[in-house]
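Peer 1: how would this look folded up:
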Amino acid sequence: MDKLSLFGILIAATGIVGGQLLEGGSVSVLLQMAAFLIVMGGTLGAVMLQNPFRIFVTGIKMGRWAFVPPHLDRQQLIYRMIAWGGIARKDGVLALEGQLKTVSDPFLQKGLHLLVDGNSAEKIRELLEIDLSSYENLRWQSARVWESAAGYSPTIGILGAVLGLVHVMQSLGEPARLGAGIAVAFIATIYGVGFANLVFLPIAGKLKILIAQQVNMREMLIDGLCMIAKAEHPNFIGNKLNGYFS
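Peer 2: This next block holds a predicted model:
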């Protein structure tokens with residue numbers, strides 16, 4: 001669990017609600033289901049229209065990474081590469097076949113298969129970089145789902161405000177209701193701008209950081225497997241791979 005993300009959401013919400021209370025406003029004014037439905041429904045529909053199904057679904061699933069990021073035990077991977085390098089240097093790459101059962105990551109498992117099959121370092125790099133490119137492209141496009149939501153949300157909020165004002169104009173015969181009606185109408189704008197800048201954009205930004213970390217890790221794995229294929233010394237493998245995270 002990423003405590004910083006939860007703490008950030010809490011601070012943002014506290015700042016907005018606290019400011020509303022300090023100015024003598026009521027929290028209940030900020031809770032308008034109609035405005036919420038307009039903003040969230042309109043934004044969701046626009047994002048779905050913009051993105052293909054696979055990218056949309058992947059982007060929504062990746063949203064939880066902002067609060068529960070994927071576990072990356074980089075040091076353990078480096079130790080594993082060093083150990084594999086020692087085994088391959090001493091007994092040959094075929095001796096690594098028994099390690100296939102211990103690998104759960106599909107990317108690393110494919111690389112180890114290529115290594116055990118006796119492929120050259122150049123072929124291993126060529127094939128794994130294709131996989132990495134596909135992985136990276138899908139994840140970057142999926143992260144942009146949240147960016148596009150941040151782009152649509154404020155505009156949908158303005159649309160909600162206009163709809164609210166239209167409703168207010170229909171009540172001109174009741175002056176006592178105009179002030180409260182106008183206030184409620186602009187809640188949609190608050191929702192649109194608030195969700196864009198406090199939720200959607202921050203999630204998109206954090207996803208980009210996490211994607212870059214995962215791509216960096218896979219580049220490290222490619223380098224490690226290629227060095228094992230070249231029978232490099234385990235100490236050299238460790239020193240080079242540690243450079244990825246220094």
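Peer 1: average pLDDT across stretch 112-121?
Peer 2: Confidence for stretch 112-121, expressed as mean pLDDT, is 91.
Peer 1: would you mark the buried spots in it?
Peer 2: Within stretch 112-121, the residues scored as buried using 16 or more other Cβ atoms under 10 Å are 112, 114-116, 119, 121. Just so you know, the C-beta spots here come from the backbone N, C-alpha and C atoms, and that holds for glycine as well.
Peer 1: how about stretch 27-44?
Peer 2: Buried positions in stretch 27-44, judged by neighbour count with 16+ other Cβ under 10 Å: 32, 35, 38-40, 42-44.
Peer 1: send the alpha carbons of that stretch over as PDB?
Peer 2: Output in PDB follows, covering the C-alpha atoms of stretch 27-44 (Å, rounded to 0.1, in the frame of the first residue of the first chain):
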ATOM      1  CA  VAL A  27     -20.200  20.500   3.700                       C
ATOM      2  CA  SER A  28     -23.600  19.300   2.600                       C
ATOM      3  CA  VAL A  29     -23.500  21.900  -0.200                       C
ATOM      4  CA  LEU A  30     -20.500  20.100  -1.700                       C
ATOM      5  CA  LEU A  31     -22.400  16.800  -1.800                       C
ATOM      6  CA  GLN A  32     -24.600  16.900  -4.900                       C
ATOM      7  CA  MET A  33     -25.400  13.600  -6.500                       C
ATOM      8  CA  ALA A  34     -26.700  15.100  -9.700                       C
ATOM      9  CA  ALA A  35     -23.500  17.000 -10.300                       C
ATOM     10  CA  PHE A  36     -21.500  14.000  -9.500                       C
ATOM     11  CA  LEU A  37     -23.400  11.800 -12.000                       C
ATOM     12  CA  ILE A  38     -23.100  14.400 -14.700                       C
ATOM     13  CA  VAL A  39     -19.300  14.800 -14.300                       C
ATOM     14  CA  MET A  40     -18.400  11.100 -13.700                       C
ATOM     15  CA  GLY A  41     -20.800   9.700 -16.300                       C
ATOM     16  CA  GLY A  42     -19.900  12.200 -19.000                       C
ATOM     17  CA  THR A  43     -16.100  11.800 -18.300                       C
ATOM     18  CA  LEU A  44     -16.400   8.000 -18.300                       C
END
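Peer 1: from the chain's centre, how far out does it sit?
Peer 2: Stretch 27-44 has its C-alpha centroid displaced from the chain centroid by 24 Å (Cα atoms, centre = their mean, to the nearest Å).
Peer 1: so which residue is smack in the middle of this structure?
Peer 2: The chain has Leu207 as the residue nearest its centroid, 2.7 Å off, counting by Cα atoms, centre = their mean.
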